[in-house]
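K.L.:
Just a sequence and a predicted model for now, questions to come.
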Amino acid sequence: MATNPLAGFRVDRAAIRFVGHDLQRPECILAEPDGTLWAADARGGVMRIAPDGSQRFVGQHADDRFARAADPHQRFMAGTLPNGLAFARNGDFVIANFGTDALESMDREGRSRVLYDNIDGRPIGKVNFVLRDSRDRLWLTVSTRVNPWVDAVRPDLADGFVALADQKGLRIVADGFAFTNEVRLDAREQWLYIVETTGKRVSRMRVAADGALSGREVYGPSSLGTGFP
């Protein structure tokens, strides 16, 4: 077997520095070649962080409900809540909106529209993350359809799924995951790696040419220990 390049990896704390300030729940961050960063922002859009450190919020309007909520749980139960981000080929943003339960598109001026908010005739559920592949297909994770979603944060529930949006539309390609979170493709786009947050594991599935997934297996430890990956 190939040597794991991460074996023995350690973080040098002295090398860590802060980038950005006054952000609101920057769940996902995208980087451009010139050093520009785009962070998901709970006010309803993204924060642009320039290489010189200057910042500019981009969104239709700034929603302050997340910041105003006194109850930590209530922060996640109402209003918009951009979560996962991906670049569209034209530079627009594709946003998995955990608050509005929709996959959205937003240009760099803050104009947005809903791409998908239902699947198979039902509300789509808690949209968590979106990933664009080299063929411009969108891989979407939905953590749960339980409402309120906080009731799904338990190890005995596995109603999360992975959906694929391509020229055929949006369809579920794998389900039965314990709070589906981020996904990643390998370099050849032959495997999809799926984080199961309440399952405390990473699963992977083989990707067919048409986007079908098969051969589900746990990748790495069956339990990643305490906390939620």
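P.N.:
Now that the structure is in, tell me what you want to look at.

K.L.:
Now do the helices in this protein.
P.N.:
65-68 (DSSP state H).

K.L.:
shaky segments in it?
P.N.:
Scanning the chain for pLDDT under 70 picks out the ranges 1, 62, 65-78.

K.L.:
Spatially central, which residue of it would that be?
P.N.:
Centroid-nearest residue in the chain: F129, 2.2 Å away (criterion: CA atoms, centre = their mean).

K.L.:
Can you give me the distance of it to L115?
P.N.:
Distance from F129 to L115, counting by CB to CB, to the nearest Å: 14 Å. Just so you know, the C-beta spots here come from the backbone N, C-alpha and C atoms, and that holds for glycine as well.

K.L.:
re the thing from before, skipping adjacent residues, who's closest to the residue nearest to the centre of the chain in space?
P.N.:
G84 (3.3 Å; CB to CB, 6 or more residues apart in numbering).

K.L.:
From the structure, what's the count of residues near that neighbour?
P.N.:
Taking other CB atoms under 10 Å as the criterion, the count of residues near G84 is 23.

K.L.:
The one 4 residues further on too?
P.N.:
The burial metric for A88, expressed as a neighbour count using other CB under 10 Å, is 14.

K.L.:
ok, the spatially closest residue to it that is not a sequence neighbour - contacts?
P.N.:
Among residues not flanking A88 along the chain, V94 sits closest, at 5.6 Å (CB to CB, 6+ apart). V94 is in contact with 85-88, 103-105, 115, 130, 132, 138, counting by CB atoms under 8 Å, 6 or more residues apart in numbering.

K.L.:
right, and W149 touches V142 too?
P.N.:
No. With contacts counted by CB atoms under 8 Å, W149 stays clear of V142, the gap being 10.3 Å.

K.L.:
which neighbours do these two share?
P.N.:
Taking CB under 8 Å, 6+ apart as the criterion, W149 and V142 both touch K126.

K.L.:
The longest strand that the chain contains: which residues count as buried?
P.N.:
Counting by DSSP state E, the longest strand found in the chain is strand 169-177. Along strand 169-177, these residues count as buried under the neighbour rule (16 or more other CB atoms under 10 Å): 170, 173-174, 177.

K.L.:
and which of the residues you listed is nearest to I124?
P.N.:
Nearest to I124 out of the buried residues of strand 169-177 is L170 (CB to CB; 8.2 Å).

K.L.:
for the closest residue to the closest one other than its chain neighbours, what are its contacts?
P.N.:
Of all residues not flanking L170 in the chain, Y116 sits nearest, at 5.0 Å (CB to CB, 6+ apart). Contact analysis of Y116 by CB under 8 Å, 6+ apart lists 102-103, 124, 140, 165, 170.

K.L.:
Which strand residues bridge Y116?
P.N.:
On the basis of DSSP bridges, Y116 is bridged to L103.

K.L.:
i'd like the first residue to be 51 from this point on
P.N.:
Noted, 51 is the first residue going forward, which turns the last one into Y166.

K.L.:
gap between it and V192?
P.N.:
Distance, Y166 to V192, by CB to CB: 10 Å.

K.L.:
what sits in contact with each of the two?
P.N.:
By CB under 8 Å, 6+ apart, the residues touching both Y166 and V192 are I174.

K.L.:
what residues does stretch 224-232 touch?
P.N.:
The contact list for stretch 224-232, computed with CB under 8 Å, 6+ apart, reads 134, 178-179, 181, 191-194, 202-203, 205, 207-212, 244-249, 251, 253, 255, 263, 266, 279.

K.L.:
Brilliant, that's me finished.
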